[in-house]
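S.K.: prediction below, plus the sequence it came from.
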Amino acid sequence: MELLLQLAKYDNRINGDGLSSNDIEQIKKELPFEEEKEISEKNIGPKGDVSVILASILGIANVFLLGDKIDTGIEDWIGVAKRIKHLVKKNELVAIDRDGAALLALEFIHNFEKLDSIQKTSEQKIDLVHVSASHGVADDQKAEDLIAKPYNYYIFSFLINDEKQYITGVKPQGEVNLIKCFDVCSTYGTRTKTTPLHGIRQVRRSMV
């Protein structure tokens with residue numbers, strides 16, 4: 001999983017002489033992830049004029065492969081998503097990759113449903129802005145790298161508990177929106193309304 005971050009306390013260093021080895025080690029300690037991490041400085045923007053920190057969270061990759069049904073370890077993934085949300089709340093997240101976006105979508109759905117099983121049934125990435133140099137790929141980039149195309153909108157469909165299909169959209173900075181939820185057993189589908197119930201938002205069905 002890759003995250004692009006702007007951490008205020010390191011702005012002067014990044015825009016000056018760069019991060020020291022001590023800075024990098026300190027950032028690794030401060031990020032709310034237990035997994036091994038790699039930290040590097042990157043420039044994004046049409047002219048490479050936006051300095052960010054690229055945090056690679058090793059061991060979190062290929063989250064929820066398309067078509068795979070998952071019924072164990074869901075709470076652990078939600079825990080990782082909540083750590084990402086911590087960065088979102090602090091306005092430190094600039095952009096997120098597909099794995100991180102899928103985790104945020106899962107955590108969002110968790111607010112509506114008790115999750116016994118999940119299955120990602122479709123996904124789409126929309127490149128909102130292409131910032132590679134001259135719309136090409138820089139020497140240290142691959143076309144699929146997050147730093148080449150950091151501003152993406154992700155659309156995921158999840159089958160939840162073999163009963164409901166949730167379609168969610170995730171913005172680059174981690175905001176998640178519900179696009180549609182429908183009952184897979186209904187010929188006509190359902191429209192969702194959310195109402196508080198014991199402090200938890202749940203889906204209330206109505207016919208389309």
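M.R.: Looks like it came in fine.
S.K.: mind listing the strands for this structure?
M.R.: Counting by DSSP state E, the chain has these strands, from start to end: 2-5, 37-44, 50-57, 69-70, 93-96, 118-129, 151-160, 164-170, 176-183, 190-197, 200-207.
S.K.: mind pulling up the pLDDT for residue 189?
M.R.: For residue 189, the model assigns a pLDDT of 58.
S.K.: one step back: for the strands of the chain, give me CSV that also has distance to residue 28 and mean neighbour count.
M.R.: Quick note: C-beta positions are derived from backbone N, CA and C, even for glycine. As requested, these are arranged in CSV below (distance: least, Cβ to Cβ, whole Å; neighbours: other Cβ atoms under 10 Å):
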stretch, distance to residue 28, mean neighbour count
strand 2-5, 12, 22
strand 37-44, 5, 16
strand 50-57, 8, 20
strand 69-70, 28, 14
strand 93-96, 17, 24
strand 118-129, 28, 15
strand 151-160, 25, 20
strand 164-170, 25, 21
strand 176-183, 27, 17
strand 190-197, 38, 13
strand 200-207, 34, 13
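S.K.: any stretches of the protein with poor pLDDT?
M.R.: Applying pLDDT under 70 to the chain flags residues 45-49, 130-144, 186-208.
S.K.: pull out the buried positions in the longest helix seen in the chain.
M.R.: Using DSSP state H to define each element, the chain has its longest helix at helix 74-89. For helix 74-89, the neighbour count (16 or more other Cβ atoms under 10 Å) marks 77, 80, 81, 84, 85, 87 as buried.
S.K.: what's the distance between that helix and the middle of its chain?
M.R.: The chain centre lies 10 Å from the centre of helix 74-89; the measure is Cα atoms, centre = their mean, to the nearest Å.
S.K.: that one packs against which elements?
M.R.: Contact here means 3 or more Cβ pairs under 8 Å, 6 or more residues apart in numbering; DSSP states H and E; on that basis helix 74-89 packs against strand 2-5, strand 93-96, helix 98-110.
S.K.: tilt between it and strand 176-183?
M.R.: 140 degrees (axes from the mean of the first three to the mean of the last three Cα atoms, to 10 degrees).
S.K.: tilt between helix 74-89 and strand 118-129?
M.R.: Using the same axes, to 10 degrees: helix 74-89 against strand 118-129 is 20 degrees.
S.K.: pull helix 74-89 out as CSV, backbone CA atoms only.
M.R.: Provided in CSV are the C-alpha atoms of helix 74-89 (Å, rounded to 0.1, in the frame of the first residue of the first chain):
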residue,chain,number,x,y,z
ILE,A,74,-12.1,-8.6,8.4
GLU,A,75,-11.8,-6.8,11.7
ASP,A,76,-8.0,-6.6,11.2
TRP,A,77,-8.5,-4.9,7.8
ILE,A,78,-10.9,-2.5,9.4
GLY,A,79,-8.3,-1.7,12.0
VAL,A,80,-5.8,-0.8,9.2
ALA,A,81,-8.5,1.4,7.5
LYS,A,82,-9.0,3.3,10.8
ARG,A,83,-5.3,4.1,10.9
ILE,A,84,-5.6,5.5,7.4
LYS,A,85,-8.6,7.6,8.5
HIS,A,86,-6.4,9.0,11.3
LEU,A,87,-4.2,10.5,8.6
VAL,A,88,-7.3,11.8,6.7
LYS,A,89,-8.6,13.5,9.8
